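# no letters, just coordinates:
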DNA sequence: CATTAACCTTCCAATGATAGCAAGGTCAAT
DNA sequence: ATTGACCTTGCTATCATTGGAAGGTTAATG
């Protein structure tokens, strides 16, 4: 027997790890389908909805964009998907992460070099500023 | 003899590496002082202005935020600054970069693990989606 | 039954750095 | 005089998220 409990947006937020604010936003931008409503207009979520929200939460924690998550949700919902499509999405994201990490790391190395050249005392002489200024 | 050439915003953009758009924006938000103007309203930049823009460009390339760059510009302009203040700013930024790198790296490792578990073929079985869904 | 607290609703605005467009004015050369 | 390349302002968008205001609903309490 499937349970058919219904939750309002606040409970769905707690259960899914996504804020009520963001759940509404995801509905606005079409990432999730429009929630059904009570007579008085409150959104209602069932266990399947919350399952999808949790899926989205995990994907978000891995740094996927809304657009990518939208594609992932599509594949997730398609029982005939090819797993190669999922893997390709993941690979693309890994590459993007790599580029970002590389870029940040380059900055870090340069900054560490600058910092190591600066006495960091009460005097005004500062190789860091001189470098930035050059 | 100091040169006192004057440049319009397009020339300043080319010379500094910051787009005209962003130069105006930096003026709007108070990062740089309001430029002087020709009679007809065009902004004018001298060599000192462009020097400051180049300083900003370098700082930006190192990932400093506008707010941090604002502080750096302040210290740069203050001939009596203590170099320790500059170094502290740099150290804080290095720490922030480290945190970001760590976070991205954690994502990457998890994704690589997921990808390695997925066949990536034409069949629908996909451990990646199963994991995200769990 | 009235009040109150904790919900919910929509709409609007802000973040940070950047880019785009549109409508219009200016400048220099042809 | 016209043209093209520049400049001006102002508004819009991106991306993911948060905040607030103003108002309606629900559930429990006195």
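Good, I have the coordinates. Predicted model only: the values in this text are computed from it and were never measured.
# so where does the residue nearest the centre of chain A fall, helix or strand?
With distances taken as CA atoms, centre = their mean, the residue of chain A nearest its centroid is residue A:60 (2.8 Å). Counting by DSSP states H and E, the element that carries residue A:60 is helix A:47-61.
# can you count the residues close to residue A:6?
The tally of other residues near residue A:6 (other CB atoms under 10 Å in any protein chain shown) stands at 15. C-betas here are computed from N, CA, C, even on glycine.
# so what's the residue count around residue A:12?
Neighbours around residue A:12, by other CB under 10 Å: 22.
# roughly how far does the nearest residue to the residue nearest to the centre of chain A once chain neighbours are set aside sit from residue A:93?
Distances taken as CB to CB, 6 or more residues apart in numbering or on different chains place residue A:69 nearest to residue A:60, at 6.6 Å, with adjacent residues excluded. The gap separating residue A:69 from residue A:93 is 11 Å, by CB to CB, to the nearest Å.
# would you mind identifying the next helix or strand past the longest helix along chain A?
The single longest helix within chain A, with elements called by DSSP state H, is helix A:83-117. Sequence order places helix A:127-133 as the next helix or strand after helix A:83-117, per DSSP H and E.
# hang on, the earlier thing: and DNA strand C, is the longest helix of chain A touching that?
No - under the criterion of CB under 7 Å from any atom of the strand, DNA strand C is not reached by helix A:83-117; the shortest gap measures 12.4 Å.
# helices or strands next to that helix in the packing?
Secondary-structure packing of helix A:83-117 (3 or more CB pairs under 8 Å, 6 or more residues apart in numbering or on different chains; DSSP states H and E): helix A:66-77, helix A:127-133, helix B:83-117, helix B:127-133.
# residues making contact with the second one?
This means helix A:127-133. By CB atoms under 8 Å, 6 or more residues apart in numbering or on different chains, the residues outside helix A:127-133 that reach it are A:114-115, A:117-118, B:51, B:54-55, B:58-59, B:62, B:72, B:75-76, B:83, B:86-87, B:90.
# in it, what counts as buried?
A:127, A:128, A:129, A:131, A:132 (16 or more other CB atoms under 10 Å in any protein chain shown).
# and those residues as CSV, adding distance to residue B:99 and pLDDT?
Listed next are the buried residues of helix A:127-133 as CSV, based on distance: CB to CB, whole Å; pLDDT from 0 to 100:
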residue, distance to residue B:99, pLDDT
A:127, 25, 95
A:128, 21, 95
A:129, 25, 95
A:131, 24, 93
A:132, 23, 94
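# rewinding a little: quick one, what contacts the residue nearest to residue A:60?
If a contact means CB under 8 Å, 6+ apart, then residue A:69 has A:31, A:56, A:59, A:60 as its contacts.
# wait, isn't residue A:54 in contact with residue A:16?
Yes - between residue A:54 and residue A:16 there is a contact at 5.0 Å, judged by CB atoms under 8 Å.
# compare the two (neighbour count), which wins?
Using other CB under 10 Å as the criterion, residue A:54 and residue A:16 rank with residue A:16 on top: 22 against 18.
# out of the helices and strands packed on helix A:83-117, flag the one nearest DNA strand D.
helix A:66-77 (3.3 Å; CB to the nearest atom of the strand).
# give the helix, strand or coil label for residue A:5.
When classified by DSSP: H, G, I helix; E, B strand; the rest coil, residue A:5 comes out as coil.
# can you pull the pLDDT of it?
For residue A:5, the pLDDT comes out at 90.
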